[in-house]
Each structure stands twice: as structure tokens, then as C-alpha cells.
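1. what's the 3D shape of this:
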Amino acid sequence: MALATSLVASPPCLQWRRRPTANFLPLQRRRSLSIKAIADPFVLELAEKLEESVLQNPKSTKTLSTLREKCTQEALSSKWPSAKDEPFRFTDLKFLKEATIQVASQEETENLDSNSLDQSLDAKSQRVVLIDGVLNKSLSHTAGLPDGVFAGSLSSLPETFSLPPLENDCGDLFSSLNGIGTRDLGIIFVPEGLKVEQPLYIVYFSRQGSDLQSEIWVSNPRLVVVLGKGAELNIVEEFRGGEKRSYWTNSVLQVNLEEEAKLFHSFVQLQKPGAVHIKWTFVQQGTSSSYNLVETSTGGRLNRHNLQIQQLGPDTVTELSTFHLAGENQIQDLHSKIILDHPRGYSRQLHKCIVTHSSGHAVFDGNVKVNRYAQLTDAGQLSRSLLMAPRATVNVKPNLQIVANDVKCSHGAAISDLDEDQLFYFLARGVDAQTARNALVFSFGAEVMERIFDKDLRRRVENDVRELLAAEGAIR
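-> Modelled structure (predicted):
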């Protein structure tokens, strides 16, 4: 890696001299450019692999090229995060750096049988299916969507449609790596005033992987959701994987809600036990818009969700409900940030987590920032964690920053085992100890799961949680 050697001794600044005829240049060709940066050799090697994989993509557009160049600059000026970095103080990523990272290839996926994804793909459902980060037309089903709604890939987007700026400035290294490695964008657009009655399913399936923990295959799906003024939509994101246990889904979702738009968002993460799931969700809310997220995450060796929400006008409504289940050798991590800049904003956040094994680990870092002009804001945040085994670990950091002086805000956190008073309540009414314990443990997460809009999906998630709790001995 001659390029890496030449970068290590340079000062930490990054400058580019762009050739007028090139929108996007491979890293190998940048040897002749004036690059002054301290680049992490591992990040540089990973960026090279991602860049080489997308250069073979004939669907590359000017929009993607611009995104990739921007993200490449950001990635090369970043180091691989460690425990010394505050956002990753409790989330160890050393195993990823020690593994051999392979990029999911562009093998043909159009002929895949839906049985390989699971029976949950109902032929009548409105859905968009992404295999290893690329939209699969044969498995997607969007013909029944109302006129004017677009659900497809960037490469098939009509020229008359203009995308909003692609977010990445407030992300981190992983959103930058996604921008470098994404092979095509998924686009969902609902025009002004249109209300889509049926939920739209977004199924992410990781097909390529390895049986070796030392070899991890990465895919980089990226989805953009745009709702016009007064539009309404219900989307369900579901992440799953194939038989191979070792893979990494590094995804980004960007949501733009215009005035009075409403988005109901269900996010279900059911990855394999050896998988890595890192997700960025960027949400921008216009005046009087509403965003409602219900998240359940039970799979993966590592699950980290970075969630950033910013209001662009007054009278916005934001509601976030999250349930995480951390079992043996699992890390469940939620980092959220809600930025309130305008008057009369309303936000509620509920985070709940069960850690069932002594090697399980949960992390919650929730930041609500009420800035100077966000008067009459009503914001609440609550985190509750249930530890079911000795040495089970949870790190919780609720954070409420208030600059405005006329607000109603609250936040709190609780970490405990089962409440003995609640157990006694059941026992005093003739319910045996094990039945009472089962009811209390499951109902702890059911408060979030029951908010999933789709009944079939809710039932599948509840069954999955019951099976995992029973496997860990938390219930019988």
C-alpha cells in the first residue's frame, strides 16, 4: 500500500485539485493529486475495495458520482473508531478491523426465488426488495401503488424528478463508506396531497456471506424517501440474511418530509447471530409534519442504529419507540439525536431493552437538543432496561440540552431486574412464579412491539422474541 505509506506522514488537512473532465476518480489515480491527510490504512484499504466494486457498475450516474466523491473525501479524513472516541466508547469495533472485509459482488439476482427470502413475502404486498444493496425488480411488487407514487431505483427515476441533497455531512465514517460503496439508490416518492393506504414493505436481504467469523462480506444499501406536502405513507423496513452467518449490512436511510406530511416507519432487524448491522437514519421534518418510528432489533452480533432527526419548521411531531433484545455475545446500540429549532415542536422517545446473557451488552445514547428559538417545545425521553443475568451490561446516557426558556421537557432512565413487587402481585393472586416471570418479561418489550402497524409482522416479531427469550432461559 504505497499510497497509505505516503499519507501517514502528512498533516491532517485534505485538499483536492479536480480534473475538469472527471466527476469521480479511482483512489489509485489520485496519486498525482495533491492529497495531504493522515489516513487510516484500514479505512483506506476498505475504501479502495468499495470503490473498485462500484467502478464496475454501469448504472453509475452523476448523482452517485458526486455522492461518492464527497464521501471519499470524508472517509479519507476519518480514522477507524475506537473506545477512545466518545460515540464508540462502549461499542467495540475491533473485531471488524481484524477481519477480512469482502465487498458483496454484483452477481445476477433477478432470478432468485422468493422462497429463498421467506414466506413473509406475500405476493399481494406492495414491496421493494433489495438484495445485497441492489433493488431486485423480479421480487419487488409496486404495480398497485397509486398513480404518481414512485418506488424504484435511481437508475429508473424519471428525469423530471429532482432529488433533495443527499445527506452525509452529519454522519460518520460508516455513512461515508456507504456513500462510496452504494451501487444504486432506492427511491420512494409520494407527491403532494396523496395518502397511500397500504403499507409499503422495504425488504433488505443479505445473500452473500461467509461461515468464517474472520471473513465478513459488506453491502451498502441506501434508500431515499420523499413525501410531498400533505402526503402520507406507512413503510416497513425489514432486514434479514441468508444461510451464511458472517456478513455486514451498512445501510443509510434519508427521509425528507415536506409541510404537513406524515410518515409511519416500522424498522425490524432480524439478522443472523453472526451478522453486523450498522444503520444511519436521517430525517428532516417540514412545518407541521409527523414522523413515527417503531423499531425492534433482536439479531446480529452487533447492531448499531444512528438516528438523527431535525425539524425544518414549527409544529412538528416526532415519536420514537425502540425495543432491543441483547443475548449471548450481542451488542445492541442506539445513538439518537433530535434537534428542535422551531416553536411548538413535540417529541416523545421510549427506549426499552432486555439483556438476557452475561455477555450481552446494550447501549443507549439519546440526545434531545432544544435550541433558542424552539419555544413552547414539549419533549420527553425515557429509557428502561431489564437485566436478566449476572454481569449483563447496559450503558445508558439520556441527554437533554435546553437553550429555550419556555418549554416542557423531561427525561429519565431505569435499569433493574424484575420488580419484586410485581412478582408478588401475581403470586398473591394464585399465579405461579414461572408464569408470572414469563408474563412480566415478555410484556416489557410488548409495549413497543404492539405499536407495529402491520398485524402479521407484529405476530412474527413477537414469535421471534419469544423464541429468543426461551433459548436464553429468560422465559420457559
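2. For the rest of this, base every contact and every neighbour count on C-alpha atoms.
-> OK.
3. how close does the closest residue to residue 151 other than its chain neighbours sit to residue 257?
-> The shortest distance from residue 151 to any non-neighbouring residue, by C-alpha to C-alpha, 6 or more residues apart in numbering, is to residue 188 (4.5 Å). Going from residue 188 to residue 257 by C-alpha to C-alpha, to the nearest Å gives 12 Å.
4. anything in contact with each of the two?
-> residue 226 (C-alpha atoms under 8 Å, 6 or more residues apart in numbering).
5. Mind checking which of the two has more residues around it?
-> For residue 188 versus residue 257, the count of surrounding residues by other C-alpha atoms under 10 Å is larger for residue 257: 27 against 21.
6. Test my guess that residue 399 contacts residue 379.
-> No: with contact defined as C-alpha atoms under 8 Å, residue 399 does not reach residue 379; the gap is 11.8 Å.
7. Under a three-state scheme, what state does residue 165 occupy?
-> Reducing the assignment at residue 165 to three states with DSSP: H, G, I helix; E, B strand; the rest coil gives coil.
8. pLDDT wise, what is it at?
-> On pLDDT, residue 165 comes in at 72.
9. Quick one: neighbours of it, just the number.
-> Applying other C-alpha under 10 Å, we find 10 residues neighbouring residue 165.
10. dump the residue contacts of the closest residue to residue 462 other than its chain neighbours.
-> Nearest residue to residue 462, sequence neighbours excluded (C-alpha to C-alpha, 6+ apart): residue 449, at 7.1 Å. Applying C-alpha under 8 Å, 6+ apart, we find residue 449 in contact with 294, 296, 323, 458, 461-462.
11. Show me the contact partners of the host helix or strand of residue 307.
-> Taking DSSP states H and E as the criterion, residue 307 maps to strand 302-311. With contact meaning C-alpha under 8 Å, 6+ apart, strand 302-311 is reached by 275-287, 297, 330-342.
12. CA atoms only: put it into PDB for me.
-> Taking Å, rounded to 0.1, in the frame of the first residue of the first chain, the C-alpha atoms of strand 302-311 are listed here in PDB:
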ATOM      1  CA  LEU A 302     -23.500  -6.100  16.500                       C
ATOM      2  CA  ASN A 303     -26.500  -3.800  15.800                       C
ATOM      3  CA  ARG A 304     -26.000  -0.100  15.900                       C
ATOM      4  CA  HIS A 305     -28.600   2.400  14.800                       C
ATOM      5  CA  ASN A 306     -27.600   6.100  14.400                       C
ATOM      6  CA  LEU A 307     -30.800   8.200  14.200                       C
ATOM      7  CA  GLN A 308     -30.800  11.900  13.600                       C
ATOM      8  CA  ILE A 309     -33.900  14.000  13.300                       C
ATOM      9  CA  GLN A 310     -34.100  17.700  12.500                       C
ATOM     10  CA  GLN A 311     -37.100  19.900  12.200                       C
END
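13. Return the list of strands paired to that strand, each annotated with direction.
-> strand 276-285 (parallel), strand 331-340 (parallel) (DSSP bridges).
14. residues of that strand that come out buried?
-> 302-311 (16 or more other C-alpha atoms under 10 Å).
15. Check stretch 77-90 too.
-> 77-78, 80-81, 90.
16. now stretch 366-380
-> Buried-residue list, stretch 366-380, by 16+ other C-alpha under 10 Å: 366-371, 373-380.
17. need the next SSE after the helix or strand of the chain with the lowest mean pLDDT, C-terminal direction.
-> The weakest-scoring helix or strand in the chain, judged by mean pLDDT, DSSP states H and E, is helix 2-8 (a mean of 34). For helix 2-8, the following helix or strand on the C-terminal side (DSSP H and E) is helix 41-55.
18. Could you list every helix and strand in contact with the following helix or strand past that next one?
-> Next along the chain after helix 41-55, taking DSSP H and E as the criterion, comes helix 62-76. In terms of contacts (3 or more C-alpha pairs under 8 Å, 6 or more residues apart in numbering; DSSP states H and E), helix 62-76 is packed against helix 41-55, helix 173-181.
19. Residue 147: which of the strands paired with strand 302-311 is closest?
-> strand 276-285 (24.2 Å; C-alpha to C-alpha).
20. and the closest residue to residue 375 other than its chain neighbours, how many residues sit next to it?
-> Closest residue to residue 375 apart from its sequence neighbours, by C-alpha to C-alpha, 6+ apart: residue 343 at 4.7 Å. Residue 343 is flanked by 22 other residues according to other C-alpha under 10 Å.
21. so how far is residue 302 from the most centrally placed residue in the chain?
-> Note on the chain: the residue nearest the mean C-alpha position is residue 279, at 2.8 Å, using C-alpha atoms, centre = their mean. Computed as C-alpha to C-alpha, the residue 279 to residue 302 distance reads 11 Å.
22. Equivalent analysis for residue 62, please.
-> 34 Å.
23. where in the stretch 101-250 of the chain is pLDDT low?
-> 106-124, 167-170 (pLDDT under 70).
24. which parts of stretch 336-345 are buried?
-> For stretch 336-345, by 16+ other C-alpha under 10 Å, it's 336-345.
25. Send me it as CSV with only the CA atoms.
-> C-alpha atoms of stretch 336-345 as CSV (Å, rounded to 0.1, in the frame of the first residue of the first chain):
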residue,chain,number,x,y,z
SER,A,336,-30.2,9.1,18.6
LYS,A,337,-30.2,12.9,18.2
ILE,A,338,-33.4,15.1,17.9
ILE,A,339,-32.7,18.7,17.0
LEU,A,340,-35.6,21.1,17.8
ASP,A,341,-35.0,24.6,16.2
HIS,A,342,-38.6,25.9,15.8
PRO,A,343,-41.6,26.7,18.1
ARG,A,344,-44.2,24.2,19.3
GLY,A,345,-42.2,21.1,18.5
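26. Work out the gap between it and the centre of the chain.
-> Its chain's C-alpha centre and that of stretch 336-345 lie 20 Å apart, by C-alpha atoms, centre = their mean, to the nearest Å.
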